[in-house]
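A.B. asks: what's the 3D shape of this:
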Amino acid sequence: MKILITNDDGIDASGLRKLAEIVVKLSDEVYVVAPSGQRSAVSHSITVGKALRVRQVPFPVGVKAAYSCSGMPADCVKAAVHAILQERPDVVISGINKGYNMGYDTVYSGTVAAAREAVYQGIKGIAVSAGGDDYTLADCWLERILRTLMDRKIASHEVWNINFPECGMEECRGIMETVPAAYPYYKDTFKMVAVSETEWELLPDDEKFEPMGELTDFYATGHNFISVGKLECAVLRNC
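C.D. replies: Now for the predicted structure:
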């Protein structure tokens, strides 16, 4: 099985290295194509009107090959499938993102967009995120979750989205299969600070929604469950 891994935090991100450490246990054909730097919250942006620059780079985990790409996460998947790799991957796994990607925030996420682009290319797409940068739960659980998802029949319009709660091993209550919440992680509220009579700075207020709905991703992570759920893609591809 050929596996492509990518992210939106960049080729040097600790979450990408951790994902590679886990994924090489699943296959001896793992490739990395990731952005050259931070691309968080770029959603499904792609590069137009200029060339992408791709560079093969050393990588601290034993993958087949690793490449940095000047573009966005979705560009990385497109470039890997159509130019960089000699054969199409069987699955694309994006992450491990530092910070949750749940509810409406999956629309803004570059991590999720890379997995969604895989689906648009007719390839299984899986996104992985964690509430913080402690990957203890991922070390324990992610390999078995990925094996289950890769063995599972996934519809051609589905992205699977995994979120690890920000808690320790003792507090983790296991896995909950979820649906995305109908709201973002933070409320869209701002503080307006006047810079001049005709100019203002808008500062995000960072007020969180309370977890609601017992089957939602927010509820799961808020109650120390690992959230595993599917996202519906707006565009279907006939492969």
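
A.B. asks: show me where this protein has strands.
C.D. replies: Here the chain has its strands, by DSSP state E, at 2-6, 29-35, 54-56, 65-69, 91-98, 124-130, 158-164, 175-178, 190-196, 199-204, 226-232.

A.B. asks: phi, psi for the residue located most distally from the centre of the chain please.
C.D. replies: Distance from the centre of the chain peaks at E197, with 41.4 Å (Cα atoms, centre = their mean). According to degrees, to the nearest 10, the main-chain angles of E197 amount to phi -70, psi -20.

A.B. asks: low-scoring pLDDT stretches of the protein, where are they?
C.D. replies: Counting by pLDDT under 70, the chain contains low-confidence residues at 234-239.

A.B. asks: packing partners for the longest helix seen in it?
C.D. replies: As assigned by DSSP state H, the longest helix anywhere in the chain is helix 136-151. Contacts of helix 136-151 with other secondary structure elements, assessed using 3 or more Cβ pairs under 8 Å, 6 or more residues apart in numbering; DSSP states H and E, are made with helix 14-23, strand 91-98, strand 124-130, strand 158-164, strand 226-232. To be clear about C-beta, it is placed using only N, CA and C from the backbone, and glycine gets the same treatment.

A.B. asks: quick one, what contacts the spatially most central residue of the chain?
C.D. replies: The residue at the geometric middle of the chain, judged as the C-alpha nearest the mean C-alpha position with Cα atoms, centre = their mean, is T111 (3.0 Å). For T111, the contacting residues are 7-9, 73, 94-95, 97, 101, 127-129, by Cβ atoms under 8 Å, 6 or more residues apart in numbering.

A.B. asks: if we use 6 Å, what do you get?
C.D. replies: T111 makes contacts with 8, 94-95, 97, 101, 127, as judged by Cβ atoms under 6 Å, 6 or more residues apart in numbering.
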